[in-house]
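> Sequence below, structure please.
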Amino acid sequence: MPDRSPYAARLREIADALDAEFQPSDDVLTPHADTMDVISNRQTKRGQLNYAVPEVLQFQRRIRRCNADTDIPHGDIVALALDSWLRAKGYPPDSKDERRKGLDVIGQ
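Take a look at the predicted model:
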């Protein structure tokens, strides 16, 4: 009889990941708790995000205005907005385990 324990272990991992998956709230713009942890940690490595966007939407002016009203840094405003939208569309970030596996592959 073949050993199916690797398959059972993988199925348990998938089930655990599904259990831990974020359940959307009624308000899709509510920031995810993991995102808030990342945003609040000033030691988090940050990268530049440059995309050409329609000027008519006045993103720069609106972001500056939001920053002035809320004291939320410009980059955090963009990160919170993009993360909320991408999660709502079904594109959450990789789990910590998946990111670690990717780093292991890069290090080999």
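> Any idea which residue is closest to the centre of this structure?
In the chain, the centroid-proximal residue (C-alpha atoms, centre = their mean) is Pro93; its distance is 4.2 Å.
> Now do the residue nearest to Phe59 when sequence neighbours are not counted against Ser40, distance only.
Nearest non-adjacent residue to Phe59, counting by C-beta to C-beta, 6 or more residues apart in numbering: Val53, 5.6 Å away. Where you see a C-beta, it was placed from the backbone N, CA and C, and this is true even at glycine. According to C-beta to C-beta, to the nearest Å, Val53 and Ser40 sit 26 Å apart.
> which regions of this structure sit below the pLDDT cut-off?
1, 18-26, 96-108 (pLDDT under 70).
> before we move on, the earlier item: and the residue nearest to Phe59, which of the three is it?
Secondary structure state of Val53, per DSSP: H, G, I helix; E, B strand; the rest coil, is coil.
> Quickly find the element holding Pro31.
Pro31 is part of no helix or strand when elements are defined by DSSP states H and E.
> I figured it was touching Asp83, is that so?
Yes. Here Pro31 reaches Asp83: they are 7.2 Å apart, a contact under C-beta atoms under 8 Å.
> higher neighbour count, these two?
Asp83 (20 against 15; other C-beta atoms under 10 Å).
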